[in-house]
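Trainee: Whatever this is, show me its structure:
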Amino acid sequence: MLENLHLPADGQPMYRRLADAIAERIASGALNGGDKLPPQREIARVLGINVTTVTRAFSALQQRGLVEARPGRGTSVLLREAREEAGFRSAPSDETGLIDLSVNRPATSAYLDGLAPLLPRLPKDRRYPALQDYHPPEGPLWARTAIAEWLAPYTGSKDGGRVVLTDGAQHGLSCLLTAVAQRGDVIVADAITYQGIGALCRSLGLDLRGIAGDRNGMRPDAFDAACATLRPRAVFLVPSLHNPTTVTLSEERRRAIAAIARRHNVLIIEDDVYRPLVGEAIPSFAVIEPELTVYVSCLSKCVAPGLRLGFIVGPRAVMGNVAAALRVSCWSVSPLTALVTTILLEEGVADQLIARQKEELRQRQTLLREKLAGFDVQTHETSTHAWLHLPEPWRGAAFARAGRQRGVGVLPADAFAVGREVLAHAVRINVGAARSQADLRAALEILVDLMKFGHLEVTGVV
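Mentor: Numbers count the residues shown, from 1 in each chain. Predicted coordinates:
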């Protein structure tokens, strides 16, 4: 492994140069899943560097989901399937010098500003004494009622009895799939879609299949054909500001997909976490087909990911099974989180925080469109992310590696592909992830430089 190990002279810290060199070997196949890396002291001796530098490089590789370290067994390259799981991260990297645009998060600290004056008032709230008690698995009724009323414009229902509270939308999806599907069942989704659904299906033994789409989202004819041949249990959709492509399904296409689901009796799982950021008043699947749709949302993308509360709204028969699955996984959500969320919604603070997020996102999306003018970008004025189609000869994984080597983290299409076939040469850019607009500007300038000139280095022209 150490033979001819070349550390790029790119001005980056030594630990990152070492991490990049090992990552390149993994990507090229020179290092395979299961291969054991040499001891850190041996690498340090051969390369003439400090052991601490090697330790930091190994830590960076672990953060990227490329290797695993086990006490007494050393460090090994993860198998591809395990790398896919490890690459599904929920927090931005803390690598020094890296502008990580690979994780979706709100763009401001508005939540902290709204939370600070609320906390001292909690003991005076009439629901405060309930914080020390157990609660039903579906969550306190007062919280479910407040959330149902807030979600009513999206779901068409103010019935708190149809709401189950979860520890975020991902936990909600886990409980829902556990409740409605059995090992071996087929779940269909866009051929390129949110990473979390793939990780969940693999963990639950479900067969996730991709459905072809176009620039307007999932193709109804492809969905119809899949229903006829695969007989799926459910279809997973992100209809508003789709992750990662930012497509928002039109009402016409939603109604077409809903009609097909109804004809084949396929449950619709509507992951609508980005809906509060969208201005268009397009009916949700929950409104179009309420008896066949389970609506999943949260405040992570529009208020703060640290507010770990998700919501599931669906037919009562399904919600009972979801609550039972939730009871097994965590008993019930934290009533403290539920109370904070309830007050934010009741007092209108949540809507104010969302308005602040949207204004910041508008500014960042304007900056993105200016910097990427002339390139093929799909986005929306208040989206947390953008979908950049790469010019030839770039491919997503290679571009993401090159970007990281230059200090910018993005996610390639490979990370979102359902199955082995990658259907787009693109990367997701999370504009909200940058700590400031200045960081976002610097990162975009690096990516533009890569697209214009970086491929010449890759192909050996310069």
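Trainee: CA atoms for contacts and neighbours, from now on please.
Mentor: Fine.
Trainee: Can you name every helix or strand that whichever helix or strand Ala199 is part of contacts?
Mentor: Using DSSP states H and E, Ala199 sits in helix 195-204. Contacts defined by 3 or more C-alpha pairs under 8 Å, 6 or more residues apart in numbering; DSSP states H and E place helix 195-204 against helix 169-180, strand 207-211.
Trainee: Make a markdown table from the ones you listed and add distance to Arg262 and mean pLDDT to it.
Mentor: As requested, those are exported to a markdown table (distance: least, C-alpha to C-alpha, whole Å; pLDDT from 0 to 100):
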| stretch | distance to Arg262 | mean pLDDT |
| --- | --- | --- |
| helix 169-180 | 17 | 96 |
| strand 207-211 | 17 | 96 |
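Trainee: count of residues packed around Gln12?
Mentor: Residues lying near Gln12 (other C-alpha atoms under 10 Å) number 14.
Trainee: hmm, back to that, the helix holding Ala199 vs strand 207-211, what angle?
Mentor: Going by axes from the mean of the first three to the mean of the last three C-alpha atoms, to 10 degrees, helix 195-204 is angled at 150 degrees with respect to strand 207-211.
Trainee: returning to that earlier point: out of the helices and strands packed on helix 195-204, which comes closest to Asp271?
Mentor: Closest approach to Asp271 among the helices and strands packed on helix 195-204 (C-alpha to C-alpha): helix 169-180, 8.1 Å.
Trainee: helices and strands around that closest one, which ones?
Mentor: helix 195-204, strand 293-298, strand 310-313, helix 316-330.
Trainee: between the helices and strands packed on helix 195-204, which one is nearest to Ile187?
Mentor: strand 207-211 (4.8 Å).
Trainee: If we go by neighbour counts, what in the closest one is buried?
Mentor: Within strand 207-211, the residues that count as buried by 16 or more other C-alpha atoms under 10 Å are 208-211.
Trainee: For Glu291, give me phi and psi.
Mentor: phi -80, psi -10 (degrees, to the nearest 10).
Trainee: now it: how far from Arg262?
Mentor: To Arg262, Glu291 is 10 Å away according to C-alpha to C-alpha, to the nearest Å.
Trainee: How about Met14?
Mentor: 57 Å.
Trainee: Those two: which is more packed in?
Mentor: Between Met14 and Arg262, Met14 has the larger neighbour count (other C-alpha under 10 Å), namely 19 against 15.
Trainee: correct me, but the more buried one touches Val51?
Mentor: No - applying C-alpha atoms under 8 Å, one finds Met14 not in contact with Val51, separated by 11.5 Å.
Trainee: Would you mark the buried spots in the helix holding Ala199?
Mentor: 195-201, 204.
Trainee: residues in contact with it?
Mentor: Helix 195-204 is contacted by residues 85, 88, 170, 173-174, 178, 183, 207-208, 415-416, 418 when judged by C-alpha atoms under 8 Å, 6 or more residues apart in numbering.
Trainee: now, among the residues you listed, which is nearest to Asp35?
Mentor: Once C-alpha to C-alpha is applied, the member of the contacts of helix 195-204 that ends up nearest Asp35 is Glu85, at 18.0 Å.
Trainee: per-residue confidence at that closest one?
Mentor: pLDDT, Glu85: 47.
Trainee: quick one: the residue lying closest to Leu367 once chain neighbours are set aside from Arg435, how far?
Mentor: Excluding its sequence neighbours, the residue lying closest to Leu367 (C-alpha to C-alpha, 6 or more residues apart in numbering) is Arg441, at 7.2 Å. Applying C-alpha to C-alpha, the value for Arg441 to Arg435 is 11 Å.
Trainee: What of Thr178?
Mentor: Thr178 is 36 Å from Arg435, by C-alpha to C-alpha.
Trainee: Tell me which stretches of the stretch 1-150 of the chain form strands.
Mentor: For the stretch 1-150 of the chain, the strands defined by DSSP state E, counting those that start in this stretch occupy 67-70, 74-77, 99-100.
Trainee: Between the ones you listed, which one is closest to Ala110.
Mentor: Taking C-alpha to C-alpha, strand 99-100 is the member of those nearest to Ala110, at 20.3 Å.
Trainee: Quick one: residues in contact with the closest one.
Mentor: For strand 99-100, contacts defined as C-alpha under 8 Å, 6+ apart pick out 92-93, 407-410, 433-434, 439-440, 443.
Trainee: contacting residues for Ala110?
Mentor: With C-alpha under 8 Å, 6+ apart, Ala110 has these contacts: 303, 353, 356-357.
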